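Participant: sequence first, then the predicted structure:
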Amino acid sequence: MEKEQPKVFIKDPNKTYGLMEIVDGTSPMTEKRVEDTVETFPHYIILLTICTLAVVFILLIISLLFDAPLEELANPLVTPNPGKAPWYFTGIQELIHYTDRPVIPGIIIPVCIILWLFLIPYVDRKPGTRMGSFLNRIFIGGEKRKILLVLFTAFVIGALVLTAIGELFRGENWNFVLPWR
């Protein structure tokens, strides 16, 4: 009678972890040669540092050549007309202008945007490995991300249009004006 050896590590399909000596298959790195790999340190860090310094240098030169468009000192007795929000909030201010209930564009829409940004990693769990052409993925293929890409593109275009209208095309008393007049 043959005595069976006790198995220390029993394969269980419900486990989500494993030891590398026991897992079937090979590592994806065993087939790669040194020429097929990319070093990230120090080569990538040096390239990233050079690009960062170049952008900072260009911004420094631009700030030395052009003055910032500042107005006169603030006077609490005189309110400017129109009282505009900073450029990054003019889209929301434009939405508030179009509605008689400012709670919806002023509070509910920004809260929904923030919640959506928090939920993005949980909505798109399996993005796929191959990107393909951008237009092909949106308009032709029946990809999983088609709806997400269309919604995000519509959101970005809408935000840009509302910001441009609020910043460039609004004049005194929040009337619509042409900026080149």
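Facilitator: Arrived safely, thanks for sending.

Participant: poorly predicted segments of the chain, please.
Facilitator: Filtered on pLDDT under 70, the chain yields the residue ranges 1-13, 15-36, 38-40, 123-145.

Participant: hmm, try it at 50
Facilitator: Counting by pLDDT under 50, the ranges of the chain that qualify are 129-132, 138, 141.

Participant: what are the ranges of the helices in it?
Facilitator: Ranges of helices in the chain, per DSSP state H, are 43-65, 90-98, 103, 109-123, 134-135, 146-168.

Participant: I'd like the ones you listed laid out as a markdown table, including mean neighbour count.
Facilitator: For the C-beta atoms, the positions are set from N, CA and C on the backbone; glycine is no exception. Formatted as a markdown table, the helices of the chain follow (neighbours: other Cβ atoms under 10 Å):
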| stretch | mean neighbour count |
| --- | --- |
| helix 43-65 | 10 |
| helix 90-98 | 19 |
| helix 103 | 10 |
| helix 109-123 | 10 |
| helix 134-135 | 10 |
| helix 146-168 | 14 |
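
Participant: got CSV for the ones you listed, with distance to residue 82 too?
Facilitator: Compiled in CSV, the helices of the chain are given as follows (distance: least, Cβ to Cβ, whole Å):
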stretch, distance to residue 82
helix 43-65, 28
helix 90-98, 9
helix 103, 22
helix 109-123, 21
helix 134-135, 38
helix 146-168, 10
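
Participant: of the ones you listed, which is nearest residue 72?
Facilitator: helix 146-168 (20.2 Å; Cβ to Cβ).

Participant: and the angle from the closest one to helix 90-98?
Facilitator: 80 degrees (axes from the mean of the first three to the mean of the last three Cα atoms, to 10 degrees).
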